[in-house]
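[1] 3D, please:
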Amino acid sequence: MPFMAAVSTTFVSRGLARKCKFQDLAKTAWACAALAYTNEPLLEAVSAAAVVNLSGKAASDFAARDLAIIAWSFARLSWQDAPLMAFLATASMDTIAGFKAQDLSNTAWAFANLAVLEVPLSHAVAGHSVRRIREFHPHEIGSIAWAFATLRVVDVPLFATISAQSIDLTTARDFDPQVLANISWAWATLAL
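    Residues are numbered from 1 along each chain as shown. Purely as a prediction, here's the structure:
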């Protein structure tokens, strides 16, 4: 990927990550994930800049979507970065009311994919998912169920809500085989 290599070199050599707005860091991380492009200096620069960007700022300074995108992107690349995930968890807690169904699902999936259990964030994601379950697409429900089961988090209200919504949606034939498999696996894993 010559273009991405050039972008990475320019981004890192000129210190551009430190000058980026948080949204631009999210876009850069997403581009790397979408292209499966793992460039260590670039990802380290994006991560460091994101942590600096998050430090000491009010929750209103960040779009919920951008937090979820950065978490998803690093997880998609299987990039372990404990300081980044800790800051994302804290910032997500502060902005969770602004998360849409996809943001909740992607955040839960990202933390589970990286095997990072942030209990307060899990409770917040569960609570908001319960209240907004009707906004979830089937794959988002499957991702939430998979994420909680992967981290071995049993949230009874969440799984009761997922169960009720899944029954409604399966009768409507909206679930694909992978979603049904993810939810079934979650139930079996957690012995629900």
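[2] and the least confident helix or strand in the chain by mean pLDDT, what other elements does it pack with?
    Every helix and strand in the chain was compared by mean pLDDT, DSSP states H and E; the lowest is helix 156-171, with a mean of 84. Other elements packing on helix 156-171 under the criterion 3 or more CB pairs under 8 Å, 6 or more residues apart in numbering; DSSP states H and E are helix 119-132, helix 138-150, helix 177-189. In short, each C-beta sits where N, CA and C put it, glycine included.
[3] and it, what's buried?
    Buried residues in helix 156-171, counting neighbours by 16 or more other CB atoms under 10 Å, are found at Leu158, Phe159, Thr161, Ile162, Gln165, Ser166, Leu169.
[4] which of those residues lies closest to Ile96?
    The shortest distance between Ile96 and any of the buried residues of helix 156-171, using CB to CB, involves Leu158 and amounts to 14.1 Å.
[5] and that closest one, how far from Phe148?
    Relative to Phe148, Leu158 is positioned 7 Å away (CB to CB, to the nearest Å).
[6] low-confidence ranges in the protein?
    For the chain, applying pLDDT under 70 flags the ranges 56-61, 169-174.
[7] which residue lies nearest the spatial centre of it?
    Of all residues in the chain, the one closest to the mean position by CA atoms, centre = their mean is Thr107, 2.2 Å from it.
[8] show me how far the helix or strand containing that one is from its chain's centre.
    Secondary-structure element containing Thr107, defined by DSSP states H and E: helix 101-113. Centre-to-centre, helix 101-113 and its host chain are 3 Å apart (CA atoms, centre = their mean, to the nearest Å).
[9] how about that helix: buried residues?
    Under the neighbour-count rule (16+ other CB under 10 Å), helix 101-113 has 101-113 buried.
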